[in-house]
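> Next come a sequence and a model predicted from it.
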Amino acid sequence: MEYTGDAQEQREQRRKQRFATKSMHMTQKYLRRMRDLGGTMDQMDPFFNVLERIYVQGLEVERPHNVRTVGTYCVQVPPELIYAAGAQPVKLCSGHYTAFSIGDDVVARDACPLVKAIAGFEHMGTLPLYENCSLMVVPITCDCKKRIAGLLQEKWPVHPLYVPANREDEDIEHYVGELYQLMRMVSCVTGQEVTYESLAHALNLTGRAQYELSRFLRIKRATPNLLFGTHAMAVMNAASYLDAGTWADALRALNDELERRAYANKLVSRKDLPRIMLTGSPIVFPNLKISLLVEEAGGMVVADETCMGERGMSDPVVPVDASFDGLMRSLAIRSLRPCPCPTFADNSQRIYRLRQMVRDYRVEGVIYHVLRGCLVYDYEYRLVEEELEGMGIPVIRLESDYTDQDVEQLRIRSEAFVETIKLKKGPLKAVRG
Amino acid sequence: MSYESEYSETLQRIYAANADVMSLRYFLDTAATWHESFAWDPNDIPQTDHAYPLVVVLGFGIPEELVYACGVTPCILLGGSHASCQWSDDAVPRDSDPASRSILGYALRLAARADIDPLFVVPVANDNMRKIAYCLKLEGHAVVSIDIPPVATDPSAQRAWERSTQTLVQAVAHHVGRRVTARRLRNANQLVRNARAAILAFERSCVERPGVLDDEARLLVTNTYYHTNDLVQWTAVLNELATEVRARYKTIGRPSSTAPCILVVGSPILFPQFKVLELINDAGLRTLASVDAASTSRFASLSEQESSGGAAALMSALSRKHYAFDSSSASVINWAMERYVEHLLSSMEVDGVVFHILKGQIEYDFALSRLEPLFDRLDIPVFRLETDYQYQDVEQLRIRLEAFAEMLGQRKFVADRAYARRYCA
């Protein structure tokens, strides 16, 4: 059957409409499941609302008039540089199943679902979050990001950011040069020069957000049962679509409320639930199925060592030299040195961090999440498993895709894992009793 | 299938099909010797007090001249063996590609030997290499990972790449205890340039004079470039082989030219895993050229005029030239490979393209989607052949390839008939 130009256009419109409706329903479902967990509080609304605004209402990010948005992908892109150039950074890594199903036909079958979801949104061209980006900064951190940079170039101005595989002094030196290039690129887009003052202001802005995040994590560490881990992950995911100041304000209000609840011993669950940590491939909204499954099965996600979680923002910038170049260097150092991303050839950093987190959060079990096709994390599983075994912490590898088809299988495995930890705790209690 | 039978069966098949070509025997022996050196029982590791230094390069992406300039022949591991994949099974995730598995398998075999002291040079061209470097380092081996900047058009990428090659030279020179001088660099460049020129001449001879050597033999010969311990002798014998091909062509006469001619693009086809070539031959297709990560590097040597100056200038020139022709999977867009494919399509009469993709090597899938408009424009059918090193899919691939060959044959027949009508009307 052949279509005329108009008919083809109408058909395409209907296809986009169907896509928008399906993706809206999918997001709504996950937002509803999150709320159904219970324990939500009014102070969480700004975070849930922004997720709803972007993915359900299909609106663009809230920003002042004339401020452009710059899309970023991994934690190695310093948001400070983008703020300093007068733009707003938005994180475009996606966890959307509907977009994934479109991207599945667009990119290589063995590419990871996160990249397929990005390709899906690129292909459909319906989400303002992507469509309104004036520039996309794609750090070359893995094979999939490398290839998606080439694909996105066909539609948007893209700045591929070369992230070195090592972190020796000369690599940092080179990365400083890369950041200067990025700065020029963003300035070119916004028409605003990055000055010492604007960079210092941006550092203060993100510093405030980091301070509130550290407060949030401190509260969570002390009393994990104040809120569900899934909600905490949604809070951190929301940082991708809010400007740092707004996010920090909302988080401050939440922190105040959490402190009040901690004082009043108002918990969302029993204290003795198995404390689980999530690590591995990024967990991006709305793909929160793993944490939801764990918490629906009676576990408590107390910590989240993924790049959309604590790792994304927790490392502060520490300028030792107050000059402009000193600030740029401190940004480069922050982006590479403490980063436990498996893009680095030597990633012992991650093992140290995991050990630290296991101790800090008194973790009783670890779920190692691997997105299908995410090789870099899969390679590190063996090392993490050996390390955690040495610490006596059970670990389970959950491989998942951006689909609901594997949910029941994952549920059975998560429930079994949670039960195992409960059983392990049981006799101990008896002995103490 | 055991490791020994895997390579020996392929060698036997190649020998049987090309037994008359005397110079080929050197290359069969070279491949056999190299592979035999890995065929030992891991429970029977020889103990020795003295370990000799060895530079082991994992995969494509670095200029081998720089290793030769340190006075050592690199042991280049590119994969290609299904049996060697099993040696690394515990160390790699399920979804890693077979070539990387095989490379790591070979590397672990070498690392287990007490009589050698290996330095592993790992060009970080993809995620597998990135993590293999980490695995080897954690096992306590000497590793130097060479970063390849992914955006060749970026002005700072060139500087970063030169820095990487300096790191490589320093590490290798330190490991083998020899300094790199301008003279050694010039000699190494000449050594590799002669070998590459011989490969190009040999391939030209085979394309222009079909029927003397089959495609498997041809690829085996070029593969042994990575297996030889004596590149000078290897080059001399290759030149002899090219002469023999030309001479034999005169005696056997011109074979029928009805077989559709194809270009094989994508993941490298490496000895002993010649399953794809065997299927292509069985389907009655003729391979004009292969385009993979090694193809463009054959043009990356410095000419006589370019190889002047001191050691620093030479090293810089060598690394720049190599980077310009690098078609490994390190780049965001593999321009070198795309341009080479375009060049071959415009200079050869290609009836179709077989795009070979090893499972897990997504870079070639993305390259295919970029090249498809070109194939469309030139009206060249393309066949995407995805496989791994196992043999379960052979019959399925055979059926698909035969259908593709029939389609190409039909197209060729129709085109020839239309051409004949024009003049016979």
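Cool, got the structure.

> Looking from chain B, tell me which residue of the stretch 51-200 of chain A is nearest.
Using Cβ to the nearest Cβ, A:Ala108 is the residue of the stretch 51-200 of chain A that sits closest to chain B, at 3.3 Å. No exception for glycine: its C-beta is placed from N, CA and C like everyone else's.

> Let me know the distance separating that residue from A:Cys374.
Here A:Ala108 is placed at a distance of 14 Å from A:Cys374 (Cβ to Cβ, to the nearest Å).

> one step back: what number of residues are in the vicinity of the residue of the stretch 51-200 of chain A closest to chain B?
By other Cβ atoms under 10 Å in any protein chain shown, 26 other residues sit near A:Ala108.

> Show me what counts as buried in the helix ranked longest in chain B.
Ranked by number of residues, the top helix in chain B under DSSP state H is helix B:394-424. By 16 or more other Cβ atoms under 10 Å in any protein chain shown, the buried positions in helix B:394-424 come out as B:397, B:400-401, B:404-405, B:408-409, B:411-412.

> and if you look at stretch A:147-166?
By 16+ other Cβ under 10 Å, the buried positions in stretch A:147-166 come out as A:147-153, A:156, A:158-166.

> and if you look at stretch B:138-146?
For stretch B:138-146, burial by neighbour count (16+ other Cβ under 10 Å) applies to B:138, B:141-146.

> and the stretch 251-400 of chain A, which residues reach chain B?
Taking Cβ under 8 Å from any Cβ of the partner chain, the part of the stretch 251-400 of chain A that reaches chain B is made up of A:342-343, A:345-347, A:370, A:372-373, A:375-376, A:378-383.

> Just these: which are in strands?
A:Val370 (DSSP state E).

> so which pair among the residues of the stretch 251-400 of chain A next to chain B is furthest apart in space?
Farthest pair in those (Cβ to Cβ) is A:Asp346 and A:Arg372. Separation: 25.7 Å.

> Which residues are in contact with the spatially most central residue of chain A?
Residue closest to the average C-alpha location in chain A (Cα atoms, centre = their mean): A:Met308, at 1.7 Å. Applying Cβ atoms under 8 Å, 6 or more residues apart in numbering or on different chains to A:Met308 gives the contacts A:91, A:93, A:233, A:236-237, A:240, A:282-285.

> try it again with 7 Å
Residues in contact with A:Met308, defined by Cβ atoms under 7 Å, 6 or more residues apart in numbering or on different chains, are A:93, A:236-237, A:282-284.

> Now the buried members of these.
For these, buried by 16+ other Cβ under 10 Å: A:93, A:236-237, A:282-284.

> Tabulate those (CSV), appending pLDDT and secondary structure.
Shown next, in CSV, are these (pLDDT from 0 to 100; DSSP: H, G, I helix; E, B strand; the rest coil):
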residue, pLDDT, secondary structure
A:Cys93, 93, coil
A:Met236, 94, helix
A:Asn237, 95, helix
A:Pro282, 94, coil
A:Ile283, 94, coil
A:Val284, 94, coil
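
> Which of these sits closest to A:Ala264?
Checking these against A:Ala264 by Cβ to Cβ gives A:Met236 as the nearest, at 24.6 Å.

> Low-confidence ranges, the chain, go.
The chain I'm using is chain A. For chain A, applying pLDDT under 70 flags the ranges A:1-4, A:427-433.

> Not quite, go with chain B.
Within chain B, the segments meeting pLDDT under 70 span B:42, B:45-49, B:253-257, B:425.

> Counting residues, which strand of it comes out longest?
When chain B is parsed with DSSP E, its longest strand is strand B:116-124.

> Any residue of the very next helix or strand once past it touching chain A?
For strand B:116-124, the following helix or strand on the C-terminal side (DSSP states H and E) is helix B:127-138. Yes. Helix B:127-138 reaches chain A (Cβ under 7 Å from any Cβ of the partner chain) through B:127-128, B:130-131, B:133-134, B:137-138.

> how near is the residue nearest to the centre of chain A to chain B?
20 Å (Cβ to the nearest Cβ, to the nearest Å).

> Please identify the helix or strand for that residue.
Secondary structure from DSSP H and E places A:Met308 outside every helix and strand.

> Next to chain A, which bits of the stretch 301-425 of chain B? Give me the list.
B:332-333, B:359-360, B:362-363, B:365-366.

> which residues sit in contact with B:Met1?
By Cβ under 7 Å, 6+ apart, the contact list for B:Met1 reads B:Ala83.

> What segments of chain B are strands?
With DSSP E, the ranges of strands along chain B come out as B:52-58, B:75-77, B:116-124, B:142-147, B:261-266, B:286-291, B:352-358, B:382-387.

> First-to-last residue distance for stretch B:117-136?
End-to-end distance of stretch B:117-136 (Cα to Cα, to the nearest Å): 13 Å.

> Quick check: buried residues in that stretch?
Using 16+ other Cβ under 10 Å as the test for burial, stretch B:117-136 gives B:118-136.

> Next secondary structure after the helix or strand harbouring A:Ile333?
Using DSSP H and E, A:Ile333 maps to helix A:324-336. Sequence order places helix A:348-360 as the next helix or strand after helix A:324-336, per DSSP H and E.

> Now do that next one: distance to the chain's middle.
From the chain centre to the centre of helix A:348-360 is a distance of 19 Å (Cα atoms, centre = their mean, to the nearest Å).

> for it, packing partners?
For helix A:348-360, the elements it packs on are strand A:275-280, strand A:300-305, helix A:375-391, judged by 3 or more Cβ pairs under 7 Å, 6 or more residues apart in numbering or on different chains; DSSP states H and E.

> Now do it against helix B:127-138, angle only.
70 degrees (axes from the mean of the first three to the mean of the last three Cα atoms, to 10 degrees).

> Would you map the helices across the stretch 1-150 of chain B?
B:3-17, B:24-36, B:65-68, B:82-87, B:98-111, B:127-138 (DSSP state H, counting those that start in this stretch).

> Please identify which of these is closest to A:Ala262.
helix B:127-138 (40.5 Å).

> Next, the angle from that closest one to strand B:116-124.
Taking the same axes, to 10 degrees, one finds helix B:127-138 and strand B:116-124 inclined to each other by 150 degrees.

> This completes my enquiry, with thanks.
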